[in-house]
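Asker: coords please:
(one chain, ligands or ions: 1)
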Amino acid sequence: LQEDAEKEIMLADSMETIEKARVKYLGKKGELTEILRGMGSLSAEERPIVGKIANEVRAAIESLLEESKKTMKNKVLQQQLEAEAIDITMPGKQVKLGKKHPLTQGLDELKNIFIGMGFKIAEGPEVETVYYNFDALNAPSNHPSRDMTDTFYFNKDVILRTQTSPVQVRVMERTKPPIRIISPGRCFRNDTPDATHSPMFHQLEGLVVDKGITLGDLKGTLEVFAKEFLGSNTEIKFRPHYFPFTEPSAEIDASCFKCGGDGCSFCKGSGWIELLGAGMVHPNVLRNCGIDPEIYSGFAFGMGIDRLTMLKYGVDDIRLFFENDMRFLDQF
Ligand code: FA5
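Answerer: Reported below is the predicted structural model:
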């Protein structure tokens, strides 16, 4: 029996076959157990002899089982280590990193320029009231921009803001001058999409209010901005314009950064590119916000972030920003 058991255990090639051998020889119904059970029928002389042999056989099988289990465990571990070994000389898998959307990059750049000039960032709601978007900004009640064809209305009082200028009013209402903020954000207009129009686009508003603020301050600020954003040789010019909330109002053009102002296909030969709208805050707007126009004055400006980013990176269609085509986005 011992020999059989030894042979079987030596030949075992897995933990399961070792366990099978244990059950076969030492288990409750095992061969050795059977022999021990049958001891009752032996004579008094035979019993101690058989008992002694049986115990020796059991001890021998047990220690053999123990040993082969240990060997098997090592063997399994070794196999596992080999199977799971990592070859650190293999080239790694490239992790594809995301990147900032070009509009976010453009916005970051604009923000940095104004933060460098001491501006703080203010935010306002995209769902806005007619009061903040039009009335408080001195827009005449018959102004065409109030029309349903230009503005998205929820009801007669609540709209999607068409510009970031309402943030001016919200800031002036709650802040005592001096005020120096920019406010970037989403705007919405019922415009038909084309290469330069999107129904959802982004503006960046600027507002400075203090004692003795003049048109010269506005001009100096925008000059610094244009040189930083488009290049140090950039010049700007003011073109008279009309906005209900500024007086005087102007549209500001920058000398073309492609041709330096000589005229090229980019600026359609004019040497200038349109940059933004601006002006001195209208006294009515200051009054609407509880600021005395006899004591304080201010300037404001508003620019289209999407259009400026297009300009800067040479993007010829605004819709590319919103189509999420990786072939386009990967280029920035
Ligand atoms: C305004 O919205 C004024 N609030 C700007 C302003 C602020 C003037 C403070 C004075 C003082 P305007 O309607 O021109 O102005 O729009 C400003 C810019 O928004 C445009 O020059 C353009 O760059 C951008 N814009 C307007 N509509 C769209 C559109 N549908 N898609 C993309 N950009 C647009």
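Asker: what's the longest helix in this structure?
Answerer: Using DSSP state H to define each element, the chain has its longest helix at helix 46-83.
Asker: Counting neighbours, which bits of that one end up buried?
Answerer: Of the residues in helix 46-83, Val50, Ala54, Val57, Arg58, Ile61, Leu64, Leu65, Ser68, Lys69, Met72 count as buried by neighbour count, 16 or more other Cβ atoms under 10 Å. From N, CA and C alone the C-beta is placed, and that goes for glycine too.
Asker: what's the answer for stretch 244-262, then?
Answerer: Buried residues in stretch 244-262, counted by 16+ other Cβ under 10 Å: 244-246, 249-258, 261.
Asker: Could you report the distance from the residue of the chain most remote from its centre to Leu1?
Answerer: Residue farthest from the centre of the chain, counting by Cα atoms, centre = their mean, is Glu45 at 89.8 Å. Distance of Glu45 to Leu1, given as Cβ to Cβ, to the nearest Å: 22 Å.
Asker: May I ask which helix or strand of this protein has the lowest mean pLDDT?
Answerer: helix 31-37 (a mean of 81; mean pLDDT, DSSP states H and E).
Asker: And for it, what's in contact with it?
Answerer: The contact list for helix 31-37, computed with Cβ atoms under 8 Å, 6 or more residues apart in numbering, reads Leu1, Lys24, Tyr25, Leu26, Gly27, Val50, Gly51, Ala54, Val57, Arg58, Ile61.
Asker: could you redo the last one with a cut-off of 10 Å?
Answerer: With Cβ atoms under 10 Å, 6 or more residues apart in numbering as the contact definition, helix 31-37 has outside contacts at 1-2, 4-5, 24-30, 50-51, 53-55, 57-58, 61.
Asker: which residues sit in contact with the residue nearest to Ala139 when sequence neighbours are not counted?
Answerer: Excluding its sequence neighbours, the residue lying closest to Ala139 (Cβ to Cβ, 6 or more residues apart in numbering) is Pro244, at 4.5 Å. Pro244 is in contact with Phe134, Leu137, Asn138, Ala139, Pro140, His143, Ser145, Ser165, His282, Asn284, Val285, counting by Cβ under 10 Å, 6+ apart.
Asker: How much space separates Pro244 from the ligand?
Answerer: Distance, Pro244 to the ligand, using Cβ to the nearest ligand atom, to the nearest Å: 9 Å.
Asker: again with Asn190
Answerer: Asn190 is 9 Å from the ligand, by Cβ to the nearest ligand atom.
Asker: May I ask you to confirm that that residue is in contact with Arg146?
Answerer: No. When contacts are counted by Cβ atoms under 10 Å, Asn190 is not listed as touching Arg146 (11.6 Å).
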